[in-house]
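Q: Okay, predicted coordinates and the sequence, questions at the end:
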Amino acid sequence: MPKIRNAARYLSVILTCAAIALMAAGVIAGIFIYRSRPERKVAAIWSEGGKTGYAHVAVYAKGARANGEGSPLAYLDDGSSLSVKDIESIRASLQGVIDLASRPKKGAKDKTVKVFNWTDCYSSCLKGTIHSGSLGSGDEYEADIYAVSGSFTVMHPMEFMSGGFLSPDTTDRYQVVLNDEASWSMFRSYDVIGKRIWLLGRDYTVTGVVREHEDKKARVYISFDCLEEFCSWLETPVVPAVMSYEAILPEPSTKSAHFDLSGAVPGYNVSSPSFKVVRVTGRYNVFNAFKATAPEGFDLPYWEEGAQKAESGIKTSSVLFLFGLVMLAGITVGKLTCATEKVKDNDK
């Protein structure tokens with residue numbers, strides 16, 4: 001009997017340590033995943049110092065590629081795709097909602113008109129061949145080409161190794177920003193500001209190199225205007241579709257920013273799968289991660305793919321924590337039961 005009791009004690013200690021280890025692993029993994037997502041703080045930084053809360057929201061739309069991933073995402077129709085004209089319509093609608101919210105309510109003592117600052121950006125992507133020299137000279141490399149416009153770096157904070165992002169205040173709009181993988185692959189250096197590379201049928205000047213932690217894919221960033229120009233040169237010209245539209249909006253009530261953006265998207269229907277509206281702010285909350293559903297049938301940018309992996313990781317870490325907690329609870333109940341029975345036996 002003493003041997004059995006000792007073995008039971010050892011087993012109990014081992015299981016307790018295992019349970020605590022699982023709980024600790026779940027917490028540490030969850031914190032690491034949460035902190036690895038730079039967009040989690042975007043709205044908080046934007047609203048810092050103000051009394052009104054803000055939320056980062058995004059909408060993903062569909063398009064068609066004539067010849068696979070090497071073709072630009074082309075606009076389909078109203079209700080399934082977004083174009084630059086649709087972005088203008090969305091902006092006008094959102095501004096109208098914000099202007100309405102800024103007015104004092106009837107009967108309010110404070111008649112001051114509030115000023116809500118907000119910002120947005122949009123983007124699209126295709127895979128392409130890049131030459132490390134001008135006019136198609138140099139070696140060829142494959143990279144993801146992201147065409148962006150608006151306050152892209154506000155929504156996606158970047159760590160620059162050299163230079164800066166695309167500047168609209170220049171006569172030369174053919175600028176390109178490389179990520180660290182693309183810069184090192186082509187030049188074996190990150191000090192490449194001013195170099196000329198060839199993509200989408202034109203020379204582009206490198207204006208910046210950004211360090212990315214998302215993955216090890218080569219990526220470059222150009223202006224959305226340049227993508228529009230490229231699409232107009234095609235044998236069969238197309239209107240480029242906007243893959244992703246994002247905004248930081250004032251949120252005077254819970255989830256109102258999500259509702260405002262949904263209402264501003266032309267052709268949006270709650271039951272329609274043609275658009276996917278996502279509230280980025282708070283999405284890495286454990287409860288929100290479990291409620292999240294991955295959009296299907298969409299070409300998604302790398303940051304949304306990373307966000308979905310993060311949500312999946314948070315779910316896994318939460319399950320680890322809960323499993324460890326259940327184990328610990330079971331062990332504790334078992335010990336209490338044994339102790340109770342021992343007291344009863346002694347009383348006899």
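A: Sure, I can see it.

Q: Kindly tell me how buried residue 263 is, as a neighbour count.
A: 13 (other CB atoms under 10 Å). For the C-beta atoms, the positions are set from N, CA and C on the backbone; glycine is no exception.

Q: ok, now which ones touch it?
A: 93, 97 (CB atoms under 8 Å, 6 or more residues apart in numbering).

Q: and if you look at residue 119?
A: Applying CB under 8 Å, 6+ apart, the residues near residue 119 are 46, 150-151, 154, 247-248.

Q: Across the sheet, point out what pairs with it.
A: residue 248 (DSSP bridges).

Q: In terms of pLDDT, where does it sit?
A: On pLDDT, residue 119 comes in at 96.

Q: got it, and residue 33?
A: 89.

Q: and residue 310, helix, strand or coil?
A: With DSSP: H, G, I helix; E, B strand; the rest coil as the basis, residue 310 sits in helix.

Q: separation between it and residue 284?
A: For residue 310, the distance to residue 284 equals 6 Å [CB to CB, to the nearest Å].

Q: quick one: common contacting residues for the two?
A: With CB under 8 Å, 6+ apart, residue 310 and residue 284 have common neighbours 33-34, 37.

Q: Confirm that residue 160 sits in a helix.
A: No - using three-state DSSP, the assignment for residue 160 is strand, not a helix.

Q: hang on, it packs against residue 208?
A: Yes - between residue 160 and residue 208 there is a contact under CB atoms under 8 Å: 5.6 Å.

Q: Show me which of those two is the more surrounded one.
A: For the pair residue 160 and residue 208, the greater number of neighbours falls to residue 208 (22 against 14), based on other CB under 10 Å.

Q: element containing the more buried one?
A: Element membership for residue 208, per DSSP states H and E: strand 202-211.

Q: Return the list of strands paired to that strand, each annotated with direction.
A: strand 159-163 (antiparallel), strand 175-179 (parallel), strand 196-199 (antiparallel).

Q: most packed of those strands?
A: Highest mean neighbour count among these (mean count of other CB atoms under 10 Å): strand 175-179, with a mean of 26.

Q: Helix or strand next in line after that one, which one?
A: With DSSP H and E, the next secondary element past strand 175-179 is helix 180-187.

Q: quick one: the strand holding residue 208 to chain centroid distance?
A: Put simply, strand 202-211 sits 23 Å off its chain's centre (CA atoms, centre = their mean, to the nearest Å).

Q: what sits up against it?
A: 134-135, 158-167, 172, 174-180, 183, 190, 192-198, 221-222, 226, 230.

Q: So for residue 214, which of the strands paired with strand 202-211 sits nearest?
A: strand 175-179 (8.9 Å; CB to CB).

Q: for stretch 245-252, which positions count as buried?
A: Buried residues in stretch 245-252, counted by 16 or more other CB atoms under 10 Å: 245-251.

Q: With only the CA atoms kept, save that stretch in PDB.
A: Extracted in PDB, the C-alpha atoms of stretch 245-252 (Å, rounded to 0.1, in the frame of the first residue of the first chain):
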ATOM      1  CA  TYR A 245     -10.000  48.700 -48.600                       C
ATOM      2  CA  GLU A 246      -9.200  49.800 -45.100                       C
ATOM      3  CA  ALA A 247     -10.200  52.700 -42.900                       C
ATOM      4  CA  ILE A 248      -9.700  54.000 -39.400                       C
ATOM      5  CA  LEU A 249     -13.000  55.400 -38.400                       C
ATOM      6  CA  PRO A 250     -14.500  57.100 -35.300                       C
ATOM      7  CA  GLU A 251     -16.500  54.600 -33.200                       C
ATOM      8  CA  PRO A 252     -18.800  56.500 -30.800                       C
END
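
Q: what's next to it, contact-wise?
A: The set of residues external to stretch 245-252 that reach it, using CB under 8 Å, 6+ apart, is 42-43, 46, 52-59, 61, 82, 87, 90, 94, 98, 101, 116, 118-122, 154-155, 257, 260-261, 280.

Q: Over to stretch 92-100?
A: With CB under 8 Å, 6+ apart as the criterion, stretch 92-100 contacts 116, 118, 120, 247, 249-250, 260-261, 263-264.

Q: switch to 7 Å and redo it
A: Applying CB atoms under 7 Å, 6 or more residues apart in numbering, the external contacts of stretch 92-100 come out as 116, 118, 247, 249-250, 260, 264.

Q: Give me the below-cutoff pLDDT ranges for this protein.
A: Applying pLDDT under 70 to the chain flags residues 1-9, 49, 104-113, 272, 338-348.

Q: domains for it, by residue range?
A: For the chain, the structural domains run 2-37+310-347, 41-283, going by automatic domain parsing.

Q: ranges for the strands of this structure?
A: For the chain, the strands defined by DSSP state E cover 54-61, 119-131, 140-150, 159-163, 175-179, 196-199, 202-211, 219-223, 244-250, 275-279.

Q: Looking at the buried residues of stretch 245-252, spot the one nearest residue 268.
A: residue 245 (11.5 Å).

Q: Not counting its neighbours along the chain, what's nearest residue 65?
A: residue 71 (4.2 Å; CB to CB, 6 or more residues apart in numbering).

Q: Now do that neighbour against residue 217, distance only.
A: 18 Å.

Q: And the two? Which one has more around it.
A: residue 71 (17 against 14).

Q: pretty sure the more buried one is touching residue 126, no?
A: Yes - contact criterion CB atoms under 7 Å: residue 71 and residue 126 qualify, at 6.4 Å.
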